[in-house]
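**Q** Return atomic coordinates for the entry below.
(one chain, ligands or ions: 1)
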Amino acid sequence: MHGDSLSRRAFVGSAATATLTALAGCSGGGTTPSQGSGGEGSSDAASKRDFGGWLGATTNYDGVVDETDASEVEVTVGSRANGGAYGFSPAAVRVSAGTTVVWTWTGKGNAHDVVAADDSFASERTSEGGHTFSRTFEEAGTFKYFCTPHRAMGMKGVVVVE
Ligand SMILES: [Cu+2]
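**A** Below you'll find the model as predicted:
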């Protein structure tokens, strides 16, 4: 629990820094924020950004997996994570516009679903192994989603479309 709150504080800190930088950029005050001020720590934070805390409690999140060369990408539903078979893997994936993401159920961890945080898509809720749900992402954006029964346990994911 202590480690968890420590890492969450670290995420909050980097998000606050990014917000301040953005504000400084908008104010037109004339000072250009230095890109390299954070050194290696800054680049690590960038590669493991938690999408505003969305993946802050997701135990199997280990950076955004680059699948921009693929036309179809599989995400496993019910991977071992978050204290049981309560994970999407990879938790965060980057794809090119036009890519179809296919979520495939392991059948473990009871019933899962795949629901967009902005309600733009939602799957069936099932515990059936081999079940699939597909969505083709035509437009660039960051799409956060979760599993309704296990959302509070950290069963969340992100598709970054570029
Ligand atoms: Cu679930």
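**Q** Quick one: the strands in the chain, in order.
**A** For the chain, the strands defined by DSSP state E occupy 65-66, 72-81, 84-89, 92-95, 99-105, 115-116, 132-137, 141-146, 156-161.
**Q** Ser123 is nearest to which of the ones you listed?
**A** For those, the distance to Ser123 is smallest for strand 132-137, at 3.7 Å, taking CB to CB. In this view, the C-beta of every residue, glycine as well, is placed from N, C-alpha and C.
**Q** Give me the residue ranges of the chain where confidence is low.
**A** 1-48 (pLDDT under 70).
**Q** quick one, domains of it?
**A** 1-30, 33-161 (automatic domain parsing).
**Q** Would you mind listing what in the protein touches the ion?
**A** Neighbours of the ion within the chain, by CB under 5 Å from the ion: 112, 147, 150, 155.
**Q** want to throw these into CSV with distance to Glu139 and neighbour count?
**A** Putting those into CSV (distance: CB to CB, whole Å; neighbours: other CB atoms under 10 Å) gives the following:
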residue, distance to Glu139, neighbour count
His112, 26, 31
Cys147, 24, 26
His150, 28, 24
Met155, 25, 32
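**Q** quick revisit: let's have the strands of the chain in CSV, adding mean neighbour count.
**A** Formatted as CSV, those follow (neighbours: other CB atoms under 10 Å):
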stretch, mean neighbour count
strand 65-66, 14
strand 72-81, 20
strand 84-89, 23
strand 92-95, 23
strand 99-105, 19
strand 115-116, 16
strand 132-137, 16
strand 141-146, 19
strand 156-161, 23
